[in-house]
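Trainee: Please work out how this folds:
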Amino acid sequence: MSQAEHPCGVIFLDKPKGWTSRKAVNHIIHSFAKPEQKNRKQRPKAGHAGTLDPLATGMLPILIGEATRFASMGLNAEKSYTVTLDLSFQTNTLDLEGEVLERHPEISIQQQDVEEVLGRFRGVIQQIPPAFSAIKIDGQRAHALARQGQDVLMQSREVEIKALHLVALEGSLLTLDVDCSKGTYIRSLARDIGLALGCGGCVTMLRRTSSGGWPEQCMVTVEELEEKKETCIVPLQVWLRDLPELVLSDIEAKRFVQGQRLSLQADLLNTERVKVLCHVMHADVMLGTALYDVAKHILQPERVMPSAQEKLK
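Mentor: Residues are numbered from 1 along each chain as shown. Purely as a prediction, here's the structure:
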């Protein structure tokens, strides 16, 4: 089966400014849908691995086809951003989409002031997410409640700022590079840095430069995607690069896709874990993922690819 017939893998889209993450996913679906696939059930499945705000640009991993089963590999990944915040004002959404709540027209922040404050935000911190966010409260999105004028009480959460560097301070505009754990809200970080400096902290530019350690060079623009669709897809086994690879024989592969446990010797180096999640191959066919019991030498299928089941009937 070719990528043209059954696309499967990951596209690292350079999401345009103004697009929602959902719009980006829909664009991928329509790009790979065939004319005869008129209803939604016939079209390729797709989903993203980590929401980006509409005003943000940059890396949005979009999984297509059977690869959607492995979106969690991106959702749980570390992220990197470049963000610019304006210290002279703040809005209710913490970015340019909202209404201005306060202004600080006279800014006299020096670079050493910024460096001192940034030190407080490195490492594990407590962070309150924005009221205008997709977090659910009693079954409803927080941003929907906030837009209705309701007081939204957001619970503090623990996040980790792995790296935080000053890029530029030009007047009231402060630009930072951030490496952070999953669940971190850059708008909240900007707000809190602004508060620590005694001023505003409205995000005016946000760009995700990496997700899960994938470099910027992996990204493709909407225009590049239209020109060379199939070549923009990163194979699923590459997306699962952090999982050890196990290659099975013909007989083992047929048993695996039937969901059977296998007894086999596997040399998994540099692991002290009792059970290791692996991605499983047969020749150039991705069979799925499995848990390998290092002590008992047992391979337990976790996710089996339907396309592999079809091929190895």
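Trainee: Mind checking the pLDDT average for the longest strand along the chain?
Mentor: Identified as the longest strand of the chain according to DSSP state E is strand 157-170. Average pLDDT, strand 157-170: 97.
Trainee: and the residue lying closest to Val247 once chain neighbours are set aside, what does it touch?
Mentor: Of all residues beyond its chain neighbours, the one nearest Val247 is Met281 (5.0 Å), with distances taken as Cβ to Cβ, 6 or more residues apart in numbering. To be clear about C-beta, it is placed using only N, CA and C from the backbone, and glycine gets the same treatment. Counting by Cβ atoms under 8 Å, 6 or more residues apart in numbering, Met281 touches 237, 245-248, 287.
Trainee: Could you dump those residues into CSV and include neighbour count and secondary structure?
Mentor: Output for those, formatted as CSV (neighbours: other Cβ atoms under 10 Å; DSSP: H, G, I helix; E, B strand; the rest coil):
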residue, neighbour count, secondary structure
Gln237, 18, helix
Glu245, 14, strand
Leu246, 23, strand
Val247, 12, strand
Leu248, 21, coil
Leu287, 28, strand
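Trainee: related to what we said a few turns ago, okay, buried residues for the following helix or strand past the longest strand of the chain please.
Mentor: Sequence-wise, the next helix or strand downstream of strand 157-170 (DSSP states H and E) is strand 173-180. Neighbour-count burial for strand 173-180 flags 174-176, 178-180 (criterion: 16 or more other Cβ atoms under 10 Å).
Trainee: so who does the residue nearest to Ile109 when sequence neighbours are not counted touch?
Mentor: What sits nearest to Ile109 in space, not counting adjacent residues and going by Cβ to Cβ, 6+ apart, is Leu197, at 5.6 Å. Leu197 is in contact with 87, 109, 113-114, 117, counting by Cβ under 8 Å, 6+ apart.
Trainee: ok so, going back, check which helix or strand the residue nearest to Val247 maps to.
Mentor: Taking DSSP H and E as the criterion, Met281 maps to strand 275-282.
Trainee: what about that strand, distance to the chain center?
Mentor: The chain centre lies 22 Å from the centre of strand 275-282; the measure is Cα atoms, centre = their mean, to the nearest Å.
Trainee: Offset the numbering so it begins at 25, please.
Mentor: Renumbered: residue one is now 25, and that last one reads strand 299-306.
Trainee: Adjacent strands (with direction) for that strand?
Mentor: Here strand 299-306 has these sheet partners by DSSP bridges: strand 269-271 (parallel), strand 309-317 (antiparallel).
Trainee: Among those, which comes closest to Gln282?
Mentor: With Cβ to Cβ as the measure, strand 309-317 is the member of the strands paired with strand 299-306 nearest Gln282 (10.9 Å).
Trainee: okay, the next helix or strand after the closest one in PDB with CA atoms only?
Mentor: Toward the C-terminal end, the helix or strand that comes next after strand 309-317 (DSSP H and E) is strand 322-328. What follows is the C-alpha trace of strand 322-328 in PDB, where atoms were taken according to Å, rounded to 0.1, in the frame of the first residue of the first chain:
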ATOM      1  CA  ILE A 322       7.800 -12.200  26.700                       C
ATOM      2  CA  LEU A 323       6.500  -9.800  24.000                       C
ATOM      3  CA  GLN A 324       2.900  -8.700  24.700                       C
ATOM      4  CA  PRO A 325       1.200  -6.800  21.800                       C
ATOM      5  CA  GLU A 326      -0.200  -3.400  22.800                       C
ATOM      6  CA  ARG A 327      -1.400  -1.800  19.600                       C
ATOM      7  CA  VAL A 328      -1.600  -3.800  16.400                       C
END
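Trainee: Can you give me the buried ones in the helix or strand that strand 322-328 is followed by?
Mentor: Going down the chain from strand 322-328, the next helix or strand is helix 330-335, by DSSP H and E. Of the residues in helix 330-335, 331-333 count as buried by neighbour count, 16+ other Cβ under 10 Å.
Trainee: what helices or strands is helix 330-335 leaning on?
Mentor: Using 3 or more Cβ pairs under 8 Å, 6 or more residues apart in numbering; DSSP states H and E, the elements in contact with helix 330-335 are helix 274-281, strand 309-317.
Trainee: For the chain, which residue occupies the most central location?
Mentor: Centroid-nearest residue in the chain: Gly74, 3.1 Å away (criterion: Cα atoms, centre = their mean).
Trainee: And that one, how far from Ser104?
Mentor: 12 Å (Cβ to Cβ, to the nearest Å).
Trainee: which residues of the stretch 75-224 of the chain fall in strands?
Mentor: Ranges of strands in the stretch 75-224 of the chain, per DSSP state E, counting those that start in this stretch, are 81-88, 103-110, 113-115, 124-127, 147-151, 160-161, 164-165, 181-194, 197-204.
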